[in-house]
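K.L.:
Fold the stuff below for me.
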Amino acid sequence: MKATIPALALLALVTACKTNEVKKIGSIERIDPALDAIVSPTAQPEIIAEGFEWSEGPLWLEETKTLIFSDVPKNTIHQWTEEKGLSIYLTPSGYTSSVPRGGEMGSNGLALTPDGKLVLCQHGDRRIAIMNAPINAPKPDFITVSDNIDGKKLSSPNDATVRSNGDVFFTDPPYGLPKQADDSTKETPFNGVYKASGGKTTLLVDSLTRPNGIAFLPGEKTFIVANSDPDKAIWYAFDLAEHDSVTNARIFYNATEEAKHEKGLPDGFKVDKQGNIFASGPGGVWIFNAQGKVLGKIKIPEATSNCALSADEKTLYLTSDMYVLRVKLRE
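P.N.:
As a prediction, the model looks like this:
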């Protein structure tokens, strides 16, 4: 006997299916055949969370299978899991004073130390900090890693990468200052790239106009910095010599022309174990090989700020203005 579904039950089932539909956005642009080994032909960006003021700094926590990310203007870190969806992870995340102030106050880039501590780029507190709590029991208790260079306050640390020995390399543009570059509280005459190690902060690069995303290539002998300047929308590469002196500064890729007609600028990025680079930039996320060849792009209609890889590197997470997205790279 053929079972029948009452009309009201059928309507409820159809509504539930529509509610659970995955929202897809954007597309994959395949420029080089080598992309097929990195991003499967069926991959497509999916919206997993939305409604943020400016999402940033995504970080995958393998221990709890959780994605965390900053909403910078809201001074909040959110968390997302496949099972439970979206919830608040930590607030306040970047400005802990009770004195009101303007500007983008929250955390931006997030990273992990080798022993699993959360590193935060805190715009409002103008420092690199470590959360003094386990990642699975977060609380707004922070230890300062770096907040000045030679006695001058940092502006608003934006993104960071942690070397395997625990040294924190980070960028310090003015975006988190109340009035950015014109703010009278800015104490450094440049926008620097720094290393924090053993309680000391060292200036590495002072020549970039808007240093932003930062990461190492495999081997940790070369680091790349994204410059979020529409007039110099460039990824730069730098080598480290003895005692971490910086040498061989060079352009890794220049996207200034694309920035004239696409949303977004070189911003946060991640590097996989093979040296492939997933870099937010004009039009979405650019995928480079380690030599700077463009293999493809994840085209997103909103400005994309940063990305994170899952531990198995099969999933890429993107923060893009009001959205958080997922791209399942391969099975």
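K.L.:
Going by C-alpha atoms from here, please, whenever you check contacts or count neighbours.
P.N.:
Noted.
K.L.:
Okay, now the unreliable bits of the chain?
P.N.:
1-21, 180-182 (pLDDT under 70).
K.L.:
What is the longest strand of it by residue count?
P.N.:
strand 246-254 (DSSP state E).
K.L.:
Touching that strand from outside, list them.
P.N.:
Contacting residues not belonging to strand 246-254 are listed as 204-205, 224, 232-241, 292 [CA atoms under 8 Å, 6 or more residues apart in numbering].
K.L.:
got a markdown table for those residues, with neighbour count too?
P.N.:
Formatted as a markdown table, the contacts of strand 246-254 follow (neighbours: other CA atoms under 10 Å):
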| residue | neighbour count |
| --- | --- |
| 204 | 19 |
| 205 | 18 |
| 224 | 22 |
| 232 | 19 |
| 233 | 26 |
| 234 | 26 |
| 235 | 25 |
| 236 | 19 |
| 237 | 22 |
| 238 | 21 |
| 239 | 17 |
| 240 | 16 |
| 241 | 12 |
| 292 | 15 |
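K.L.:
ok, back up a step: partner strands of the longest strand of the chain, with direction?
P.N.:
Sheet partners assigned to strand 246-254 using DSSP bridges are listed as strand 234-240 (antiparallel).
K.L.:
May I have the strand it pairs with as PDB, with CA atoms only?
P.N.:
Below are the C-alpha coordinates for strand 234-240, written out as PDB (Å, rounded to 0.1, in the frame of the first residue of the first chain):
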ATOM      1  CA  ILE A 234      50.800  44.100  -3.700                       C
ATOM      2  CA  TRP A 235      51.900  41.000  -1.900                       C
ATOM      3  CA  TYR A 236      55.600  41.300  -0.900                       C
ATOM      4  CA  ALA A 237      58.000  38.500  -0.100                       C
ATOM      5  CA  PHE A 238      61.000  38.800   2.400                       C
ATOM      6  CA  ASP A 239      63.700  36.300   3.300                       C
ATOM      7  CA  LEU A 240      65.100  35.800   6.700                       C
END
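K.L.:
could I get the longest strand of the chain in PDB with only the CA atoms?
P.N.:
Extracted in PDB, the C-alpha atoms of strand 246-254 (Å, rounded to 0.1, in the frame of the first residue of the first chain):
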ATOM      1  CA  VAL A 246      65.400  40.700   6.600                       C
ATOM      2  CA  THR A 247      66.800  40.400   3.100                       C
ATOM      3  CA  ASN A 248      65.800  40.100  -0.600                       C
ATOM      4  CA  ALA A 249      62.600  42.200  -0.300                       C
ATOM      5  CA  ARG A 250      60.600  41.800  -3.500                       C
ATOM      6  CA  ILE A 251      57.200  41.900  -5.100                       C
ATOM      7  CA  PHE A 252      55.500  38.500  -4.900                       C
ATOM      8  CA  TYR A 253      52.500  39.600  -6.900                       C
ATOM      9  CA  ASN A 254      51.100  43.000  -7.900                       C
END
